[in-house]
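**Q** have a look at this prediction, sequence included:
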Amino acid sequence: MHDDRSLVEARLKRVLDERIRPAVYPESVPLDVAVWHAPGEPVPVEEGLAAEPEPIAVGARWGAPWGTSWFRVTGTVPAAWAGKTVEALLDLGFDENMPGFQCEGLVYRPDGTPVKGLNPRNQWVRIGAPAEGGEEVRLHIEAASNPVILDYHPFVPTPLGDKETAGSEPQYRLARMDLAVFDEEVWQLVIDLEVLGELMAELPADAQRRWDVLRAVERALDAVDLQDVNGTAAAARAELTGVLAAPAVPSAHRISAVGHAHIDSAWLWPLRETVRKVARTTSNMTALLEDEPEFVFAMSQAQQWAWVRDHRPEVWARVKKAVADGRFVPAGGMWVESDTNMPGSEAMARQFVHGKRFFLDEFGIENDEAWLPDTFGFAAGLPQIIKAAGAKYLLTQKISWSQTNKFPHHTFRWEGIDGTRIFTHFPPVDTYNCSMRGSELAHAERNFKDKGVARHSLAPTGWGDGGGGTTREMVAKAARVRNLEGSPTVRWETPHAFFTQAEAEYPEPPVWVGELYLELHRATLTSQAKTKQGNRRSEHLLREAELWAATAAVRAGFPYPYEELDRIWKTVLLHQFHDILPGSSIAWVHREARATYERVAAELNAIIDAAQRALAGAGEVPLVFNAAPHTRSGIPAGGAGSPVTEGQTTREDRTGGGHVLSNGHLRVEVDERGLVVSVYDVEADRETLAPGRCANLLQLHPDFPNMWDAWDVDKFYRNTVTDLTDADSVTAGEDGRSVRITRSFGSSTVTQVLSLAPGERRLVIDTEVDWHETEKFLKLAFPLDVHAERYASETQFGHFHRPTHTNTSWEAAKFEACNHRFVHLEEPGWGVAIVNDSTYGHDVTRTVRTGGDGGTTTTVRVSLLRAPRFPDPETDQGVHRFRHALVPGASIGDAVREGWRINLPERRLTGGGEVAPLVTVDQDAVVVTAVKLADDGSGDVVVRFHEAHGGRARATLTAGFPVAGVTVTDLLERPLPDAPAPPADGERIGVRLRPFELVTLRLRRG
């Protein structure tokens, strides 16, 4: 037989496009349309329904950027349509390739009952099958004219990302607004042919099954009368019955389809718009669940559930019913799908605390999975946090985006820094927006790395990013491939059902140890510096507020601010969403974030101040409050007293120009250019800097990645660098222990103050940048005379080691990495730490010096600022302030201590005398991350701590109040059933910790 595949396939495409799909709606009549444009921000539903609209014609332009328009559509079902299925087709000007990225709508009945959402892939509303014609139709559409930010030519700078700069030009042109007859037989034929056509394309050319399908499709096309598609659709479908009934082979890959709508809590739209996106999507999904009895839908992010509850009660009622039926499933157990690289230890823990508690409180449901399909890499401290929250699984597909190395597993156990292992699955379909296309299903099967030992994967199915969710077409396709020869089998299942089956099938999968590094989107560690600073400072202010409020509540009867802290935590957690904290959202999002962080700081400072005043009491004794977890200046951790200072700092002129600062521990030379040319450790008799190299060196790179401007920095940025060595001024500080440097470059200026305090082993570097560059990357370099094959970066509840070399492509790909408060590297017996108050991105490189001593130079560079132009064309323009410190001779314990210190400045006020800590620990390696009152209002004191040095630790925790009982709990402050109470002697509690082990104790007050 001649090979006529291409002929039949081309015929199928044209007949589907030009004859069969148009015949799904064979008859239509126009609707009457009127519109009211809401002034300013969105209005309540009642106001939109009551507004008086004005007529608008199909083809008219509508919708200023970020505007809201209320359309009223009315019409009458023709008498001739009696008994036929009728739908309203409501096309607001959609581009079917942009679901979630352009205009959207939510349809209401006149009484305010939500019907369903509208988006480019979901434009229909079922009217019904009236027994008689003449039925009146009246619908209202709350339409959002969200502008297209990411267009066909992507990453073009645009002012549309902020309503303050977007202008008022209408964005859309009203398209089809009709009543139409829906021919389900033709629609089913479309699905049949799509499924078989897509299946054919994935089968081998010489496979018998491919030719069987081809011939059946040809017979079906022959059976279609192109002049009477509706009258011949049933006959065409009959020709396909046999090939659609052929069962899958027993070894076929199994896919658990989970209805899904990944909704970015903010990205190319502001937070307020996400509230409405969630309402539209959940309206669609509850409607689809009613129509499709096998369909299951899962939604993560407790914050989004709370938005529906609080802002759209009419939608919430339908969601609650669907949850009760077991088919609308809470997933993930986190407040939002957060970034996991940058959030601090407590914040990462609270993501799970608040997320899981919401689902428990609202539905009595506890999640056992972390659901993070789109997060930009996963910190090595996360497995322990997942387990401590009472979960045991993780799902993501984002690592499939890595540019250099292909991850070797799809199902595996992920081991974190403390040894905790979490059963983890990467869906081999490589998308969180699966639409049940044959190409996606075939890719999942071909791509699956664990063949031979497992054959089960998950497919998150539905339009996402901007929401939308699963469609009836996807459900219909899934029904056909439930058991179809040549295809993986597909069943709708919950995440829990999938994980339970997958773990039973593959109980001993391979283990991946350490971070799950995404070889992409590395610049998200630096973009939008003020958002990152707001997060870091909020995290530490929350620590202080809980610590001092709990101490004051126990000691002085201070009213513990439960509700305020709960609300503020949720605000901070929301802003850790994986497009807010990483700096990859539009200007509007980050403008609001800056204002939000200012309000958070004001509220928390007020709580801290009130609690400290309650503790200090009346008096004129100067007091310093120490919120850090280590004693400093003679003041115990969590206490207050008079500081002890030792020694003095001297400043003298440097031979050849510049200044010398010395305090008996360090001798620092700053040359006439304002560069640090020597940091001499007096006690170790050792120079910190590499010979002939300068520290405090600002370096400027061009920064124009191939795509994803705010997200990416490509390795070639290093090919070109400008050292900023010219100084406008280098002057001695009036305090006698600092040097002030000013520089100008491009359109920007930098002011730095280098300080060496008496008795301290750290050089503090305060940097103020008035930044007005475009597509540039600013780094701060420290070339160190240290030979180290690895270095440590702080992560949640510990630190993680990375190589300093690039032996393999995996190591070379980590040319930009994340740290929390410190980076530390060492030779045996001597190390160096670089600590910071608000930066995350860094790089570490090593070279061997030629000539001279032949030693190794290891250079640590802190990433300060970028200036991408998409999606925010004004990213980071303006004044920024950073604080870093260079700590020579530092052990890992010193790095931990100094990292906390730089992030928790001392607070001074006067009072009656010293304040004893509420809790003390006698071992520096055991770091207390939280002291608070229990969330249930019982008055119990909750203490969370971990081993921070990477070794075993034995310590005594002493409570500064009578203790009636001690319980080991999970992060939600619930007793751990298998954890024995630690040995206690009154208020003294003995603890033993493994490396990086996290423990939460609940102390019942006597």
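**A** Right, received. Where do you want to start? Just so we're clear, the structure is a prediction, and the values are computed from it rather than from any experiment. Numbering: from 1, shown residues only.
**Q** the residue nearest the centre of the chain and Thr375, how far apart?
**A** Most central in the chain under C-alpha atoms, centre = their mean is His578, positioned 2.1 Å from the mean C-alpha point. Going from His578 to Thr375 by C-beta to C-beta, to the nearest Å gives 5 Å. C-beta here means a position set from N, CA and C on the backbone, and glycine is covered the same way.
**Q** okay, and the common contacts of these two?
**A** Common contact partners of His578 and Thr375 (C-beta atoms under 8 Å, 6 or more residues apart in numbering): Glu337, Ser338, Asp339.
**Q** which ones are touching the spatially closest residue to Gly48 that is not a sequence neighbour?
**A** Leaving aside its sequence neighbours, Gly48 sits nearest to Trp70 (C-beta to C-beta, 6 or more residues apart in numbering; 4.2 Å). Residues near Trp70 by C-beta under 8 Å, 6+ apart: Val35, Trp36, His37, Ala38, Gly48, Leu49, Ala51, Pro53, His140, Ile141, Glu142, Ala143.
**Q** confirm that Trp70 sits in a helix.
**A** No. Counting by DSSP: H, G, I helix; E, B strand; the rest coil, one finds Trp70 to be strand, located in no helix.
**Q** could you dump the contacts of Trp70 to CSV with distance to Ser251 and secondary structure?
**A** Below are the contacts of Trp70 laid out as CSV (distance: C-beta to C-beta, whole Å; DSSP: H, G, I helix; E, B strand; the rest coil):
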residue, distance to Ser251, secondary structure
Val35, 56, strand
Trp36, 59, strand
His37, 58, strand
Ala38, 57, strand
Gly48, 55, helix
Leu49, 56, helix
Ala51, 60, coil
Pro53, 59, coil
His140, 52, strand
Ile141, 49, strand
Glu142, 49, strand
Ala143, 49, strand
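**Q** between the residues you listed, identify the one with the most neighbours.
**A** Ala143 (28 neighbours; other C-beta atoms under 10 Å).
**Q** surely that residue and Leu92 touch.
**A** Yes. The pair formed by Ala143 and Leu92 meets the contact definition of C-beta atoms under 8 Å, at 5.6 Å.
**Q** does Glu273 sit in a helix, a strand or a coil?
**A** Applying three-state DSSP: Glu273 is helix.
**Q** show me the contacts for it.
**A** Glu273 neighbours (C-beta under 8 Å, 6+ apart): Trp66, Ala144, Asn146.
**Q** isn't the first one right up against Thr165?
**A** No. At 10.7 Å, Trp66 does not count as touching Thr165 under the criterion of C-beta under 8 Å.
**Q** pull out the buried positions in stretch 584-596.
**A** Judged by neighbour count (16 or more other C-beta atoms under 10 Å), stretch 584-596 contains these buried residues: Ser584, Ser585, Ile586, Ala587, Trp588, Val589, His590, Arg591, Glu592, Ala593, Thr596.
**Q** tell me which of those residues fall in helices.
**A** Ala587, Trp588, Val589, His590, Arg591, Glu592, Ala593, Thr596 (DSSP state H).
**Q** which one of those residues sits closest to Thr74?
**A** Closest to Thr74 out of those is Trp588 (34.9 Å), distances taken as C-beta to C-beta.
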